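Trainee: sharing a model that was predicted from the sequence below.
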Amino acid sequence: MNLTNRSINLTFGLLVLATAASFAVADSGAIGRFSFAVIMLITAIKAAMILHTFMEVRETAPGVRVFFLVWVGGVATMIAVFHLFGG
Amino acid sequence: MRLVAERDSAGQMPALAASSLNLPALAPSIWAFVVADAASFGIFFAVFSSERSVQAAQFAQSAAKLDIRLGLFNTLVLITSSWLVAHALAAARRNNVMGARRLLAGALGVASLFAVCKAFEYSTKVSHGLTPLTNEFFSFYYVLTGVHLLHYAIGFVALLYIRNSVLADGDVDARKLNWLQSGALYWHLVDLLWVFLFPMLYLQRAL
Amino acid sequence: MDNRFRYLRACAWGGPILLLVTIIFWGIFGHNVPPFSADQSADAIAEQFRPLAQRIKLGMVVELPFSALYLTWGVAITKLMEEIELDNNVLSTLQLWGAGLTTMIFVIPCAGWLGVTYRAETMPSWALQMIYDMWWILFDLAYALTTLQMIPLGICLLSDKRAVPLFPRWMGWFSIWVGLMFFLESFMSFFKGGPFSRSGILNYWTEFTLFFAFMALVSFYLLKAIGRLERETRLGAPRG
């Protein structure tokens, strides 16, 4: 069991930073056309952190881990791609 | 790794030593629910994204009417609440029932801000004439955040029950730990789904 | 010889049989894959409906009597739940009523759509559309009666204290989850087109797929569990 105070706090800190970063990217538009793709990349990282540390997904069956690997990557990519090339 | 915490041949759940809960974590069976729910939200996201690609301008203009600060606030609220729930589980595994209950109370207190913020947000939107029938973007906005809010409400009640009834007295045992682990997992799912909803709805006006 | 599982297998087969009949007769013959879009004028829907009226009639005429099998299936599930539940029979009773009331939600709308085919050629288009809409609204929005079956079943399955439960644990969660997912159907009443409408990707394709998957999976594990219970009884295993 690796749900230590340290890992929980570190994850929390990183999640807050990542959230602030995606807000900053959106608000400033500094990265231009690829801003949203960058935001979705940050989102995928946040999701992975929640799954790995808070939800301890590594304790589940391999099928579940594969599902979430595909889900996080797939959903983030799909949203980013539709945004980039849609409309 | 087994997916499910299984009973032994006598039908008993794995017992936990009172002093140190040094057991291999057996993933609670609620993961089946978590997987199903994540899959269905994946479908919602896909449908949203494909609808958006058909009318990107309308979606971007409509998204600009959402208050990005409220979305940010709610994201931080749920992350903080998840953080406290994770600590509560860690405390319970050390058989620190009082600590776990206090942390859960904190998590629920913080989480209640989400509902307040959502109520405020919905009412201001409606007062500005932005309803689920205004256009496609707002249909999705209300349905997706509404369904998410329903998930949040169920999780809130579940954690409240776990804190007030399941963990009410006595030492932590396997049954109580399974309840708390399951409730925590569900709560983290609520957080996880919002992590995607926030950029998809609020930040999509970014070019 | 005393056999408390007599007739149970026959009742349980009601589920798979009805599922097949539903797909073929309600679905394909009944032109419900997906249903006519709500996002069109009365004249437009009438124009599509009238040439297909006889086919749809056949679909509903067959579906109607077979709908009773939903209740036989529900009774089989009830008996299985009684082998699991502790303390009282609250959960199996709720499930039984849920199954019985859902049976009515098969029967009544199908009879309604059959009624539309009865004089489809001569009835005004606005009436055809209105009545068609009405029974779809009942069909979709009475979901809570089926949730009443699914959630008690799920809770009961999760409470199974056997070393190897009669149903896999994930089925208990799946049952609860599908019961809750049905709440999405409420949105169908607000939208005539798009993913939330009665023929939309979410409210039709996703929701109905889930319902059919529920019927198929429960039927599969139900028949397996009945077999196991019969074997255990023959071998003299203690009840429960």
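Mentor: In hand now; what should we look at?
Trainee: how about stretch C:143-154: buried residues?
Mentor: Residues C:Tyr143, C:Leu145, C:Thr146, C:Thr147, C:Leu148, C:Gln149, C:Met150, C:Ile151, C:Pro152, C:Leu153, C:Gly154 are the ones in stretch C:143-154 that count as buried (16 or more other C-beta atoms under 10 Å in any protein chain shown). Placement of C-beta: from N, CA and C, glycine included.
Trainee: for it, give me every contacting residue.
Mentor: Contacts with stretch C:143-154, where a contact means C-beta atoms under 8 Å, 6 or more residues apart in numbering or on different chains, come from C:74, C:77, C:81, C:90-92, C:94-95, C:97-99, C:101-102, C:104-105, C:171-180, C:182-183, C:185, C:211, C:214, C:218.
Trainee: out of the residues you listed, who's near chain B?
Mentor: Here is what survives when the contacts of stretch C:143-154 are matched to chain B using C-beta under 8 Å from any C-beta of the partner chain: C:Gly172, C:Trp173, C:Phe174, C:Ile176, C:Trp177, C:Leu180, C:Phe183.
Trainee: dump those to TSV, plus neighbour count.
Mentor: What follows is these, written out as TSV (neighbours: other C-beta atoms under 10 Å in any protein chain shown):
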residue	neighbour count
C:Gly172	23
C:Trp173	24
C:Phe174	24
C:Ile176	23
C:Trp177	23
C:Leu180	20
C:Phe183	14
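Trainee: which of those sits closest to A:His52?
Mentor: Sorting those by how near they are to A:His52, with C-beta to C-beta, puts C:Trp173 at the top with 22.1 Å.
Trainee: find the residue closest to B:Arg163 in space, skipping its chain neighbours.
Mentor: B:Leu104 (4.1 Å; C-beta to C-beta, 6 or more residues apart in numbering or on different chains).
Trainee: ok, residue 34 - contacts?
Mentor: Looking at chain A here, since you left the chain open. Counting by C-beta under 8 Å, 6+ apart, A:Phe34 touches A:Leu84.
Trainee: try chain C instead
Mentor: Going by C-beta under 8 Å, 6+ apart, the list of residues near C:Pro34 reads C:Arg198, C:Ser199, C:Tyr204, C:Trp205.
Trainee: what is the nearest of those residues to chain B?
Mentor: The shortest approach to chain B among those belongs to C:Trp205, at 9.3 Å (C-beta to the nearest C-beta).
Trainee: what's the nearest residue to that closest one if we skip its chain neighbours?
Mentor: In this structure, C:Trp205 finds its nearest non-sequential neighbour in C:Pro34, 7.0 Å apart by C-beta to C-beta, 6+ apart.
Trainee: what helix or strand is B:Gln61 on?
Mentor: Using DSSP states H and E, the element containing B:Gln61 is helix B:56-63.
Trainee: and what of B:Lys176?
Mentor: Under the criterion of DSSP H and E, B:Lys176 resides in helix B:174-197.
Trainee: pull the distance from stretch C:43-63 to the chain's centre.
Mentor: Taking the mean C-alpha point of stretch C:43-63 and that of its whole chain, the gap between them comes to 22 Å (C-alpha atoms, centre = their mean, to the nearest Å).
Trainee: list the buried residues for it?
Mentor: Neighbour-count burial for stretch C:43-63, counted by 16+ other C-beta under 10 Å, picks out C:Ile45, C:Ala46, C:Phe49, C:Arg50, C:Leu52, C:Ala53, C:Ile56, C:Lys57, C:Gly59, C:Met60, C:Val62, C:Glu63.
Trainee: for it, give me every contacting residue.
Mentor: Outside of stretch C:43-63, the residues that reach it under the criterion C-beta under 8 Å, 6+ apart are C:21-22, C:25-32, C:36-37, C:106, C:110-111, C:113-114, C:116-118, C:120-121, C:125, C:128-129, C:132.
Trainee: just the buried residues out of those residues, in ChimeraX syntax.
Mentor: The following ChimeraX command selects only the buried members of those, with burial defined by 16+ other C-beta under 10 Å:
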select /C:21,22,25,26,27,29,30,31,32,36,106,110,113,114,116,117,120,125,128,129,132
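Trainee: of the contacts of stretch C:43-63, which belong to strands?
Mentor: Nothing among the contacts of stretch C:43-63 maps onto strands, per DSSP state E.
Trainee: in contact with B:Ser182, which residues?
Mentor: B:Pro28, B:Ser29, B:Ile30.
Trainee: next, B:Asp171: phi, psi?
Mentor: Dihedral pair for B:Asp171: phi -80, psi 160, per degrees, to the nearest 10.
Trainee: distance-wise, check it relative to B:Met98.
Mentor: With distances taken as C-beta to C-beta, to the nearest Å, B:Asp171 is found 11 Å from B:Met98.
Trainee: likewise C:Cys156?
Mentor: Plainly put, C:Cys156 is 34 Å away from B:Met98 if you go by C-beta to C-beta.
Trainee: of these two, who's got more company?
Mentor: Neighbours were tallied for C:Cys156 and for B:Met98 using other C-beta atoms under 10 Å in any protein chain shown; the higher tally belongs to C:Cys156 (28 against 9).
Trainee: picking that back up, among the contacts of B:Ser182, which one lies nearest to B:Val47?
Mentor: Within these, the smallest distance to B:Val47 is 25.7 Å, found for B:Ile30 (C-beta to C-beta).
Trainee: coming back round to it: restricted to buried residues, select the contacts of stretch C:143-154 in ChimeraX.
Mentor: The command below creates a ChimeraX selection of those among the contacts of stretch C:143-154 that count as buried (16+ other C-beta under 10 Å):
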select /C:74,77,81,91,92,94,95,97,98,99,101,102,105,171,172,173,174,175,176,177,178,179,180,182,185,211,214,218
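Trainee: that older thread, so which of the ones next to chain B among the contacts of stretch C:143-154 are in helices?
Mentor: Counting by DSSP state H, the part of these found in helices is C:Gly172, C:Trp173, C:Phe174, C:Ile176, C:Trp177, C:Leu180.
Trainee: surely the second one and B:Pro28 touch.
Mentor: If I follow you right, that is C:Trp173. No - using C-beta atoms under 8 Å, C:Trp173 makes no contact with B:Pro28, being 9.8 Å away.
Trainee: where's the residue nearest to B:Arg163, which helix or strand?
Mentor: B:Leu104 is part of helix B:97-127, with elements assigned from DSSP H and E.
Trainee: for that helix, packing partners?
Mentor: Taking 3 or more C-beta pairs under 8 Å, 6 or more residues apart in numbering or on different chains; DSSP states H and E as the contact definition, the neighbouring helices and strands of helix B:97-127 are helix B:68-93, helix B:136-161.
Trainee: for chain B, which residue gets nearest to chain A?
Mentor: Using C-beta to the nearest C-beta, B:Ala56 is the residue of chain B that sits closest to chain A, at 2.2 Å.
Trainee: give me the neighbour count for C:Asp2.
Mentor: Neighbourhood size, C:Asp2 [other C-beta under 10 Å]: 5.
Trainee: helix, strand, or coil at it?
Mentor: Classification of C:Asp2 by DSSP: H, G, I helix; E, B strand; the rest coil places it in coil.
Trainee: still on that earlier bit, which ones among the contacts of stretch C:43-63 map onto helices?
Mentor: Cross-referencing the contacts of stretch C:43-63 with the helices (criterion: DSSP H) gives C:21, C:106, C:110-111, C:113-114, C:116-118, C:125, C:128-129, C:132 as the overlap.
Trainee: which two of those have the greatest separation?
Mentor: Across the ones in helices among the contacts of stretch C:43-63, the longest distance by C-beta to C-beta is 30.3 Å; it joins C:Val21 and C:Ser125.
Trainee: pull stretch C:144-153 out as CSV, backbone CA atoms only.
Mentor: Once side chains and other backbone atoms are set aside, the C-alpha atoms of stretch C:144-153 remain, and they are given as CSV (Å, rounded to 0.1, in the frame of the first residue of the first chain):
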residue,chain,number,x,y,z
ALA,C,144,-37.8,4.3,-13.1
LEU,C,145,-40.0,1.2,-13.0
THR,C,146,-37.1,-0.7,-14.5
THR,C,147,-34.6,1.0,-12.3
LEU,C,148,-36.8,-0.4,-9.5
GLN,C,149,-35.8,-3.8,-10.8
MET,C,150,-32.2,-3.2,-11.4
ILE,C,151,-31.0,-1.4,-8.3
PRO,C,152,-32.5,-3.9,-5.8
LEU,C,153,-31.1,-6.8,-7.9
